[in-house]
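Q: Quick one, what's the 3D model for this:
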Amino acid sequence: ASLQKTMALRQLIGRRLPLPETGLLRATGRALRRSLFIQTENTPNPESLKFLPGKPVLDAGTAEFRSFRDAQASPLAKRLFQIDGVKSVFFAQEFITVTKDPAVAWSIIKPHVFSHVMDFYAEGGPVLDAAGTGASDTLITGDDSEVVAMIKELIETRVRPSVQEDGGDIVFKSFDEETGIVLLKLQGSCSGCPSSSVTLKSGIENMMMHYIPEVTAVEAVDESDDEDDARPAHPQPKAAAAKAAAGGGAAG
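A: All right, here's what the predicted structure looks like:
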């Protein structure tokens, strides 16, 4: 009898009790957080930095937000705008580009970006709400003229891959059939970049004029949000989490 009691006690001690649901969720979140390794890459714009979480950001296309008010369609963008010094947030399929105020150093902003992105992916929410998704600017429709269709094809196949390597994007806005002027919007690291005008004229304009004789010029449009950027008062991420995230990411 004494031996049976001893064996039963050992079995009871060795048995692992199931975690409550909340504990299980916390444990899963911590595991996801530990498995996320965020890398950074510099861009031609010193005020913009690419963050690569190693997980998909968008299923397709891109999205840019210039203010907290503009970011209501993206839970992740709203979090990033809670960081002092963040001026714009850009999402592509595999990376996030954050553009900052020149007065704030990356050494201050970068750990908070790491922490917000890691927390967001650990929670598993959508990067964009349904309202934040839209048709691609280069989607060729039945209403497009032959020239517009060719412009969109060039942007999608020749321009966009190269520009996204630098953490930005070029969005087609319009083509004036009378003047031959193509209007494009610069996003991400391209917006406000010192070399963007050279890229626009020497690269994109020359290429389009070469392949499409109807194009006479390529110009950039500025759609910056002039409304007040009313950000809510919100504490920065926990210092310990930010420190851990900063230690895990590659130097950019």
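
Q: When you work out contacts or count neighbours from here on, use the C-alpha atoms and nothing else.
A: Noted.

Q: so where's the stretch 51-200 of the chain shaky on pLDDT?
A: 130-137, 194 (pLDDT under 70).

Q: which stretches of it form helices?
A: Listed in chain order, the helices found in the stretch 51-200 of the chain under DSSP state H, counting those that start in this stretch are 75-80, 106-123, 146-154, 160-165, 196-198.

Q: what's the next helix-or-strand element following the last one in contact with?
A: I take that to be helix 196-198. Sequence-wise, the next helix or strand downstream of helix 196-198 (DSSP states H and E) is helix 206-211. Helix 206-211 is contacted from outside by I151, L154, V215, T216, A217, using CA atoms under 8 Å, 6 or more residues apart in numbering.

Q: Quick check: mean pLDDT of helix 206-211?
A: Averaging the model's pLDDT scores along helix 206-211 yields 92.

Q: what pairs with the helix or strand following that helix, and is each one parallel or antiparallel?
A: Proceeding C-terminally, helix 206-211 gives way to strand 217-221 as the next helix or strand, assigned by DSSP H and E. Looking at strand 217-221 with DSSP bridges, its paired strands and their directions are strand 181-188 (parallel).

Q: For S74, which non-adjacent residue is spatially closest?
A: Leaving aside its chain neighbours, S74 sits nearest to L128 (4.4 Å; criterion: CA to CA, 6 or more residues apart in numbering).

Q: In contact with that neighbour, which residues?
A: For L128, the contacting residues are A73, S74, P75, L76, taking CA under 8 Å, 6+ apart as the criterion.

Q: again, only using 7 Å
A: Taking CA atoms under 7 Å, 6 or more residues apart in numbering as the definition of contact, the neighbours of L128 are A73, S74, P75.
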